[in-house]
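J.: Sequence plus predicted model, see below.
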There are 4 protein chains.
Amino acid sequence: MDDQSLSGVADRNHTIAGETDDPATPDDKPGHECGVFGIVAADADVARLTFFGLYALQHRGQESAGIAVSNGRSIRYYKNMGLVAQVFDEEKLRPLSGYMAIGHTRYSTTGSSKLENAQPFVVESALGPLAVGHNGNLTNAASLRRELLQRGVGLTSSSDSEVITQMLAGGEGRTWEEKLKVFMVRAQGAYCLTVLTRDALYAVRDPWGLHPLCLGQLGEQGWVVASESCALGTIGAEFVREIEPGEILKITLDGPQVIARQPSLHTAACLFEYIYFARPDSMLHGKVLHAMRVAQGRELAREAPCDADVVIAVPDSATPAAIGYAQESGIPYSEGLIKNRYIGRTFIQPDDRLRKLGIALKFNALTDNLAGKRVVLVDDSIVRGNTSGPIVRLLREAGAREVHVRVSSPPIRHPCFLGVDMATYPELIAHRLTIEGIRQHLGADSLAYLSLEGLIRSTGRDPATFCTGCFTGQYPVEIEVVDKEVFEVR
Amino acid sequence: MDDQSLSGVADRNHTIAGETDDPATPDDKPGHECGVFGIVAADADVARLTFFGLYALQHRGQESAGIAVSNGRSIRYYKNMGLVAQVFDEEKLRPLSGYMAIGHTRYSTTGSSKLENAQPFVVESALGPLAVGHNGNLTNAASLRRELLQRGVGLTSSSDSEVITQMLAGGEGRTWEEKLKVFMVRAQGAYCLTVLTRDALYAVRDPWGLHPLCLGQLGEQGWVVASESCALGTIGAEFVREIEPGEILKITLDGPQVIARQPSLHTAACLFEYIYFARPDSMLHGKVLHAMRVAQGRELAREAPCDADVVIAVPDSATPAAIGYAQESGIPYSEGLIKNRYIGRTFIQPDDRLRKLGIALKFNALTDNLAGKRVVLVDDSIVRGNTSGPIVRLLREAGAREVHVRVSSPPIRHPCFLGVDMATYPELIAHRLTIEGIRQHLGADSLAYLSLEGLIRSTGRDPATFCTGCFTGQYPVEIEVVDKEVFEVR
Amino acid sequence: MDDQSLSGVADRNHTIAGETDDPATPDDKPGHECGVFGIVAADADVARLTFFGLYALQHRGQESAGIAVSNGRSIRYYKNMGLVAQVFDEEKLRPLSGYMAIGHTRYSTTGSSKLENAQPFVVESALGPLAVGHNGNLTNAASLRRELLQRGVGLTSSSDSEVITQMLAGGEGRTWEEKLKVFMVRAQGAYCLTVLTRDALYAVRDPWGLHPLCLGQLGEQGWVVASESCALGTIGAEFVREIEPGEILKITLDGPQVIARQPSLHTAACLFEYIYFARPDSMLHGKVLHAMRVAQGRELAREAPCDADVVIAVPDSATPAAIGYAQESGIPYSEGLIKNRYIGRTFIQPDDRLRKLGIALKFNALTDNLAGKRVVLVDDSIVRGNTSGPIVRLLREAGAREVHVRVSSPPIRHPCFLGVDMATYPELIAHRLTIEGIRQHLGADSLAYLSLEGLIRSTGRDPATFCTGCFTGQYPVEIEVVDKEVFEVR
Amino acid sequence: MDDQSLSGVADRNHTIAGETDDPATPDDKPGHECGVFGIVAADADVARLTFFGLYALQHRGQESAGIAVSNGRSIRYYKNMGLVAQVFDEEKLRPLSGYMAIGHTRYSTTGSSKLENAQPFVVESALGPLAVGHNGNLTNAASLRRELLQRGVGLTSSSDSEVITQMLAGGEGRTWEEKLKVFMVRAQGAYCLTVLTRDALYAVRDPWGLHPLCLGQLGEQGWVVASESCALGTIGAEFVREIEPGEILKITLDGPQVIARQPSLHTAACLFEYIYFARPDSMLHGKVLHAMRVAQGRELAREAPCDADVVIAVPDSATPAAIGYAQESGIPYSEGLIKNRYIGRTFIQPDDRLRKLGIALKFNALTDNLAGKRVVLVDDSIVRGNTSGPIVRLLREAGAREVHVRVSSPPIRHPCFLGVDMATYPELIAHRLTIEGIRQHLGADSLAYLSLEGLIRSTGRDPATFCTGCFTGQYPVEIEVVDKEVFEVR
């Protein structure tokens, strides 16, 4: 149904993504930023295993999917727009034979959804074929891009992943190992890379460890890297360890070999992986995310208790925190909102009559669990604040006597420049309004956010190891003033 | 991606639907049987309202969608394969102008998924144009079909909805009202119909009231009928009442008018609407389904208590029952299984290595909530028993010390002949095995089903008003030996 | 690219096809009316042979294509919108196994281009499965249609081919042979049918023999029927004879058997098959069409000589007549107009600047052959007269000193009601204007048409054996006042 | 219908294009090599005019089409696989607003038919956006490609047009004018370029003038460049002159300006443009091609006369030469072969029985014009010799007493390395066999080719101004041993 043709605009203007008014996707959540996968296995159908790995990582990006495979001589690839199950069928997998593969599933912000940006990027270079899958965002992409243009490389897309690919293809260094090390010297910001060459698979994670990347073992002879551990479980691989921040890991049939492990003074893991991004059954630092989210709900109940009759969640992502809040507070947990499971992109806009009903397309309230009750509504985060108000209204119309909103993360007051599609300053409700102002905007009886300390406590880790940029405005890397040359779709 | 061409086989052979081995849809649930919708409204965009009504009924059928609109002179329609949001865009809606409309969303069993069977069926007849949407299954379709063939009507599909349409188009009676009454005399089995003629919308429900159909009011001048009340809420209509079993309701701009209400000695509502089919936020007989399912869990906890540490559900459908079980038993509720939200039809089959992992594509276990614990796993129903075993295994691998399966409905021992895609006798695990045999098959530490009495008690209604065929083998209507003439896809 | 969904309008209004302003198809020619094909062969891939037969008949209809195959037990079919080579690939052919097949390629008038009308029509009937392919037009379709509606058959399309199929499925008679005979009693107008049942292939031609249908033999054991003999040659079959007007021929593995040969007082073959429709390499009554068209040019040169320097044709259809004119007149033949071979349906409209250039998208003039010359421009027919004027202008702009238009058929003064998409009275230029008026409209120096006598003389046959309706207004059958119940596309 | 996704193989292997056995395209002709178009016009819809320009150039390439437009600030583009009328509709044209545009229609050899290779190529460069359309073939592409890889540019396709684009984007020079001049110093071989930058359109033709490129004027203020003059006529532009070999022409709203005119010792125009490529209504050096092809036929009749009854052509391309042969010899011209106008790419292969019939899918013989006659069959060229034999056989089966083959070009004994998809040495029949050997292979009674002198005489130009490489093996530029790094489709 989508048109897979190539089109675009090449200019130098800024682009400001407009607010989407898609009735079917009013999610007020930060956007994911792609899933990466890589595998080396002698006697396995690596393309098929990559397919199922991407299937498990689908929540990290739904725009496009691609797989590249090396047989030791050449790299074959296939990529297209859509969910991984839409992009691939047996006919598409068949030519992808080899013993090493990488895969990618891409999330995209409004306006750059097009085939040119689909990954992996595959190029022929002086050292032979090269395929790159990237999760993250370089903070100095604009100056690196300018450098490439000055060096005489014509760029076909607005993607910083193309920048990375061309930096590797043409950067200094006589070997891929050298090129990757030079890249890490030059690149600032978030990057988890899977790099496939004719002879090896490389897994690379930025020194701040902003986004997750882990290593697994598949039987005796196979090795897997993936954005999240859930992809290992899906294909029957055992979790081995996380790729360290600043690490370059080379994997061949001889097994994994650490090429570099850049000493990183302090890491800066993205807290939103803990709050919302990663699948609840994935593990970070040895803990399952679901448990950490339940702990966030418990912290929240301690920090912001409430006299109420029932605890409900904004499904599905806030359910663990709501369960935690209920456990700690002793207030019974129940379901108060039903999510339409078949919600999806629709091209039909509601007319005015329907627009007033707004949120009802996505959620319906369960009157019996709400009528006459004092309700604690647990959400995991509020970005723009444009969906929480309608939900509060929905609950009141269903008879809720009081609605107390509890958010299992701190107020988001700053944008993300490190690979999360968050929002701009003027869009962030917690940048514009006080907590009391937000409460009034939502029409809630009370509103409380989890403290940053409480959030970090729920992870059981050292506070110094996280990026808190979107909460505090203090980023782990210098943020370049963005003046992107962009290729933007009409 | 689907091919929307016409193809088929015209013969007289039986067809036995093979077991699907689609790795991505191992649902062990009965199949829904379509959603119907109808609307009459003077000053509204009835096609658009029908679109959003179908959107809310999408869970009742995902194969095809269609809308037919009357402007008082002619009927225009559009239908195609796919979800309602895939089938319709603004360009498709634009020509569908008028003041009365019906819509249909179709579920289909394997093997008859094709455009010929998409609804509404629209024909020109001696009384003018006619469009029919049908939810249900006629038990005497085969003999009615034979009659039509004898009468000289060539039939283009295997659908009993085409049979209904041709019976109305060519049946006795000088008016649509007469024809509908004659139809009700001849038809046996389950049917909720929305019938659109040039001048009126008719809502028809079989005398047994097997499947739900309700009436709503939209503002001052609009009237709506829908399979479930959730569709009323979505478009801002108020619930008025259920269409009575045996009722023919005519709706024009002058409002609804009861044409017939066949005295029905006893109704026979499908219990699976209460257990699984209807959306939890829909209402049946004045009660919200979510509340009745919580009550099923409470009954189950009383009937089959258990000494355990945690109650978990097979998501999402069994969550209310699990919450009820937890509430009644005092055992804490938590999440133990995470469902891949992007699961969908995939054409890629796992290889042998992956096939052993089986269920992991759909569910992952949450180790922290399970390890070392005695777990109560609540499911709403077990049909073939082919997914519960792998789930029990998954829980044990995640460290569960004991797994006690509790099912919030009775054992399904008989097929359904009234519009539910259940399974055949040899496929039904409770037909083949004792409860103890099933327990062994699942590998559970204990297994208990809700009693039929308990189930009915949860509805708060008279036991005589339900169809209990799939549990007891006693059907409300005589079941014809099926010898269908089928048009089957290659 | 086309949307293959089902849509339509069911009403009783008349439909008048508007004039197309498609810039790329300004053909001023009558429309073809479908090609039919049928085959019985024991050891051959009948679906594949049918494919290549339809490929050769593609000029008779480009809208949709379909093939139905019988294996003696059931009939399988596939049909879709598009050219036969677009509709079928190996995957589509594979399930079509059997030893008897029919195929159809459909031409369609504006407004009814949709999948419901694609042929063959396949239905289940009291006598078993039935597939019908039809070329022609019933003149009493409206009353037959009314009869079917009265008999209680709901009709899903506006096609008279559906009327034929339902008449056969439900008409009187205990056997297919009886039903076909009854059909021939009731049907008026043009029909060449290929009818496939479980056990036999029937070829049926109307008593007037309006459109061609011939029989061929394929090796020892195979038999073929086709609209034109060119389809026989393409698959290596030998021409045997024409199916006689009024004949029903039954073909099984035992060979062909004449079931009926209705005595026809006089036949009425469509003269436009001789002028334009049939492929120049096909044969009618033992003569190749190319030769007859050359003879038309010779006749024309004798009837309407001209003092000129060069003879050119409107390519490609008038080339044989131009060659004949040149041979007879002694004036040299050359090419004066080049046709864009890649012309096709385009959705891009020229703007005003381009619209003035008009015809240039389809034809370009060859200056060298025209400049300073007196040109005879031979065309085979003029219907509306909207393309000849621009061509004359084009020739003058290329330097032609004089342009003498010669038309190798008589003036078309009446519509066709027998299966040719001709035009309505007000559209026909020769209905509105005198020859001199047309000459002025075209801007030609002189204009002459071939006489009806000359045209018939070129065929070498008895004048009484032709339909001359479009030239004389005298039709071989009574024409019913048309008040069609139509299903019309938005 | 085509899959527009991205896929490929990145390796260093040679690729040998297999012989196609597509039954529907047995053309034994050299392949065209793209059409280019460019326009600057203040008050016109330049994208629409480009569309119609490409429409007229469609014969030069049918694989993909694209248009890029500059509005003085940015460049927008759209390209896709398919004919220009399939690729573009109003919705695709709408965003392409501006006052300068280029367009491209691409021919492709087997194996590299994919979206990555579609043109124009559009990149962001240090000097701003750049779009390039290319017709031709660089003979030193491999070393230029190696240079780019060494310079650190990763290449995404096997196209030498990408090489050109990256050479311009990153080559030496502070302005586009300088960069274009440097490019012309480095590039060897055939190239007609239309280059669109933010501020200007450039038309560039290689110093040998291998392929045609001409300039036209559109009204007062518009300027057009196109591969052939037929595209000028189609949009109403006046022919001005050819772009000179070695010329760089810059066009802005101020009109055209010659930037460079490299002194070229001798030009080397491709003779196959005269024989077959260019449309017969296009002009080269002030002469219409149709007239030159008639002259080739006359020369051929003088050089190789024949005692025969009829002259026929292999339609459509050889028709002018056949007319010329007939005129000079006095033997009557007629049509002897009918070409199936709906021939096109089909995915259905004939089975063995049909394969023997071979050519009949494309051509049918006209018995009446052949039976008992001595036939001169005129073709314009023979490459592999695999279709002429079946045609001769076809004529004999149709009754031809003698078949004398006359070819209006010399024997092709060498491949082309300058942008024509000719064939390899072992494939060229005139490389392997003597004239007598070819005659026997074809089964003709006699065979004669036009002499090179005769061919050149028909053009009326200096013999020193042509490339005769495919006839003589003497190429105007040094041919690099090809060791391409290719991206090849599975």
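T.: Looks like it came in fine. No experiment lies behind these values; they were computed from the predicted model shown.
J.: What is the burial count for the nearest residue to A:His414 once chain neighbours are set aside?
T.: In space, and not counting its chain neighbours, A:His414 is closest to A:Gly473: 4.3 Å by Cβ to Cβ, 6 or more residues apart in numbering or on different chains. (Each C-beta comes from the backbone N, C-alpha and C, glycine too.) By other Cβ atoms under 10 Å in any protein chain shown, 11 other residues sit near A:Gly473.
J.: now swap in A:Ala464 and tell me
T.: For A:Ala464, the neighbour count with other Cβ under 10 Å is 10.
J.: Same question for the one 5 residues further on.
T.: For A:Gly469, the number of neighbouring residues by other Cβ under 10 Å comes to 25.
J.: show me the contacts for the closest residue to A:Ala226 other than its chain neighbours.
T.: Nearest residue to A:Ala226, sequence neighbours excluded (Cβ to Cβ, 6+ apart): A:Phe37, at 5.0 Å. Residues near A:Phe37 by Cβ atoms under 8 Å, 6 or more residues apart in numbering or on different chains: A:50, A:53-54, A:57, A:102-104, A:133, A:194, A:224-227, A:231.
J.: Could you tell me whether A:Tyr202 really is in a strand?
T.: Yes - when DSSP: H, G, I helix; E, B strand; the rest coil is applied, A:Tyr202 is found to be in a strand.
J.: does the spatially closest residue to it that is not a sequence neighbour sit in a helix or strand, and which one?
T.: Of all residues beyond its chain neighbours, the one nearest A:Tyr202 is A:Val195 (4.1 Å), with distances taken as Cβ to Cβ, 6+ apart. A:Val195 is located in strand A:189-197, with elements delineated by DSSP states H and E.
J.: Tell me how many other residues surround the nearest residue to A:Gly128 once chain neighbours are set aside.
T.: Once flanking residues are discounted, A:Gly128 sits nearest to A:Arg198: 4.8 Å by Cβ to Cβ, 6+ apart. Here the number of neighbours of A:Arg198 (other Cβ under 10 Å) works out to 19.
J.: about what we covered before: what's the distance between the residue nearest to A:His414 and chain B?
T.: 32 Å (Cβ to the nearest Cβ, to the nearest Å).
J.: confidence score at that residue?
T.: On pLDDT, A:Gly473 comes in at 93.
J.: My read is that it contacts A:Pro411, right?
T.: No - counting by Cβ atoms under 8 Å, A:Gly473 sits too far from A:Pro411 to count as a contact (11.7 Å).
J.: quick one: the strands in the stretch 351-490 of chain A?
T.: A:363-365, A:374-379, A:402-407, A:446-449, A:466-467 (DSSP state E, counting those that start in this stretch).
J.: Which one, of those strands, ends up nearest to chain D?
T.: Smallest distance to chain D across the strands of the stretch 351-490 of chain A (Cβ to the nearest Cβ): 30.5 Å, for strand A:466-467.
J.: Spell out which residues of the stretch 51-200 of chain A are next to chain B.
T.: By the rule Cβ under 8 Å from any Cβ of the partner chain, the part of the stretch 51-200 of chain A lying against chain B is A:51-52, A:55-56, A:58-59, A:62, A:83, A:85-86, A:88-90, A:93.
J.: Farthest-apart pair in these, please.
T.: Across those, the longest distance by Cβ to Cβ is 24.4 Å; it joins A:His59 and A:Glu90.
J.: which one of the two has more residues nearby?
T.: A:His59 (19 against 10).
J.: would you turn the strands of the stretch 351-490 of chain A into CSV with mean neighbour count, distance to C:Gly98 and mean pLDDT?
T.: As requested, the strands of the stretch 351-490 of chain A are exported to CSV (neighbours: other Cβ atoms under 10 Å in any protein chain shown; distance: least, Cβ to Cβ, whole Å; pLDDT from 0 to 100):
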stretch, mean neighbour count, distance to C:Gly98, mean pLDDT
strand A:363-365, 24, 52, 86
strand A:374-379, 26, 62, 98
strand A:402-407, 25, 66, 98
strand A:446-449, 21, 71, 98
strand A:466-467, 26, 67, 94
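J.: Relative to C:Pro212, tell me which of the ones you listed wins on proximity.
T.: Set against C:Pro212 and scored by Cβ to Cβ, these come closest in strand A:363-365, at 64.0 Å.
J.: quick one: contacts of the closest one?
T.: Applying Cβ under 8 Å, 6+ apart, the contact partners of strand A:363-365 are A:314-315, A:336-340, A:391, A:394-395, A:397-398, B:230, B:233-234, B:279, B:281.
J.: out of the residues you listed, which are inside helices?
T.: When the contacts of strand A:363-365 are checked against helices (DSSP state H), the matches are A:Ile391, A:Leu394, A:Leu395, A:Glu397, B:Cys230, B:Gly233, B:Thr234.
J.: out of those, which one sits closest to chain D?
T.: Of all the ones in helices among the contacts of strand A:363-365, chain D sits closest to B:Thr234, with 30.8 Å by Cβ to the nearest Cβ.
J.: That closest one reaches B:Gln58, doesn't it?
T.: No - the criterion here is Cβ under 8 Å, and B:Thr234 misses it with B:Gln58 at 10.6 Å.
J.: Give me the more crowded residue out of these two.
T.: Between B:Thr234 and B:Gln58, counted using other Cβ under 10 Å, the more crowded position is B:Thr234 (25 against 21).
J.: So for the more buried one, what pLDDT did the model give?
T.: If you check B:Thr234, the pLDDT there is 87.
J.: Which residue comes closest to it once chain neighbours are left out?
T.: B:Ala56 (3.9 Å).
J.: Could you count how many residues lie near the one you found?
T.: Neighbour tally, B:Ala56, other Cβ under 10 Å: 30.
J.: I'd say it and A:Ile338 touch.
T.: No - using Cβ under 8 Å, B:Ala56 is not in contact with A:Ile338; the gap is 10.7 Å.
J.: which residues do the two both contact?
T.: Taking Cβ under 8 Å, 6+ apart as the criterion, B:Ala56 and A:Ile338 both touch B:Arg279.
J.: what angle do the longest helix seen in chain A and strand A:374-379 make?
T.: Longest helix in chain A by number of residues (criterion: DSSP H): helix A:289-303. Interaxial angle, helix A:289-303 versus strand A:374-379 (axes from the mean of the first three to the mean of the last three Cα atoms, to 10 degrees): 130 degrees.
J.: Buried residues in helix A:289-303, which are they?
T.: A:289-301 (16 or more other Cβ atoms under 10 Å in any protein chain shown).
J.: Which of the strands of the stretch 351-490 of chain A sits closest to D:Met422?
T.: So among the strands of the stretch 351-490 of chain A, strand A:466-467 is nearest, using Cβ to Cβ, at 60.3 Å.
J.: Figure out how far the closest one is from the centre of its chain.
T.: With Cα atoms, centre = their mean, to the nearest Å as the basis, strand A:466-467 stands 15 Å off its chain's centre.
J.: Same check on stretch A:229-244?
T.: 18 Å.
J.: Need the pLDDT of the nearest residue to A:Gly460 once chain neighbours are set aside.
T.: With Cβ to Cβ, 6+ apart as the criterion, A:Gly460 has its nearest non-adjacent residue at 6.7 Å, and that residue is A:Lys287. Confidence at A:Lys287, expressed as pLDDT, is 92.
J.: what's the neighbour count on whichever residue of the stretch 101-250 of chain A sits closest to chain C?
T.: Relative to chain C, the nearest point of the stretch 101-250 of chain A is A:Leu115 (17.8 Å; Cβ to the nearest Cβ). Counted with other Cβ under 10 Å, the neighbours of A:Leu115 add up to 22.
J.: Touching, it and A:Gly66? I think so.
T.: No - counting by Cβ under 8 Å, A:Leu115 sits too far from A:Gly66 to count as a contact (10.2 Å).
J.: so what's the backbone phi/psi at the closest residue in space to A:Glu178 that isn't next to it in sequence?
T.: Distances taken as Cβ to Cβ, 6+ apart place A:Glu172 nearest to A:Glu178, at 7.3 Å, with adjacent residues excluded. Dihedral pair for A:Glu172: phi -70, psi 160, per degrees, to the nearest 10.
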